[in-house]
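sequence-free structure coming up:
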């Protein structure tokens, strides 16, 4: 089976949305048709310099936009020289190249109505895509997001998620926790999600499919906590960001 084409996209937004996270948005360049994708998949970013040479190796980023939205949205944590440069370039109107989509981290074949989404940091990206995809149609799942980040100001898409949960109370609930205790105004959960706090939020884990997305330590820890709850491995889907 041939690999997807590497196609040009024009940057329409590249700015910080939290202290350490940028939101990169792009639309198809003139004459290019954006490929269809399934919510939860990712694209490979082939970023080239002004001479057309590849900057570093291609990087994988989950698609944060829903299939019904125009173009692509990516939520990218700034970590190291590559992403630091990516936060400063490319400028609006410049071209990046994307290849894909790839990945099986989707709601396809999920039979349980209830879906719990455990997100660490920018691991929220594919979940935004899934949620918007369903809520723009007749929803067939009910979602509960358990979202972990360091501080209250470091949650990408928080305002949007809060609005969606108010608009769709039967199909979306969002619970937040912060892992650094230096925020005296925070009234929500503190500390990492544990088997006990997860169970307190969602109740019985039966008849539920779990998705976990975030940095590898977060994913491994959440898998351990779900195992302590007695959740079967075939009910847990994972995506690690490196």
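Thanks, I have the structure now. For clarity, every value in this text was computed on a predicted model and none was experimentally measured.

Let me know the distance separating residue 228 from residue 144.
Going from residue 228 to residue 144 by Cβ to Cβ, to the nearest Å gives 18 Å. Glycine gets a C-beta too; all of them are placed from N, C-alpha and C.

Those two: which has the busier surroundings?
Per other Cβ atoms under 10 Å, whichever of residue 228 and residue 144 has more neighbours is residue 144, with 20 against 13.

Report all helices and strands that the longest helix seen in the chain contacts.
Using DSSP state H to define each element, the chain has its longest helix at helix 216-228. Other elements packing on helix 216-228 under the criterion 3 or more Cβ pairs under 8 Å, 6 or more residues apart in numbering; DSSP states H and E are strand 114-120, helix 195-202, strand 208-214, strand 236-240.

Run the chain-centre distance for the shortest one.
Distance of strand 236-240 from the chain centroid (Cα atoms, centre = their mean, to the nearest Å) equals 12 Å.

and that strand, what's its mean pLDDT?
On average, the pLDDT along strand 236-240 is 93.

Can you add distance to residue 32 and mean neighbour count and give the helices and strands packed on helix 216-228 back as a markdown table?
Formatted as a markdown table, the helices and strands packed on helix 216-228 follow (distance: least, Cβ to Cβ, whole Å; neighbours: other Cβ atoms under 10 Å):
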| stretch | distance to residue 32 | mean neighbour count |
| --- | --- | --- |
| strand 114-120 | 31 | 24 |
| helix 195-202 | 42 | 16 |
| strand 208-214 | 28 | 23 |
| strand 236-240 | 27 | 18 |
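
Can you pull out the low-pLDDT segments for the chain?
1, 242 (pLDDT under 70).

Need the residue closest to the centroid of it.
Note on the chain: the residue nearest the mean C-alpha position is residue 125, at 1.6 Å, using Cα atoms, centre = their mean.

Double-check that that residue belongs to a helix.
Yes. Counting by DSSP: H, G, I helix; E, B strand; the rest coil, residue 125 is found in a helix.

Hmm, residue 72 and it touching each other?
No. Under the criterion of Cβ atoms under 8 Å, residue 125 is not in contact with residue 72, lying 10.8 Å apart.

and for those two, which residues touch both?
residue 63 (Cβ atoms under 8 Å, 6 or more residues apart in numbering).

follow-up on the earlier one: right, so of the helices and strands packed on helix 216-228, which gets closest to residue 37?
Closest to residue 37 of these is strand 236-240 (Cβ to Cβ; 14.7 Å).
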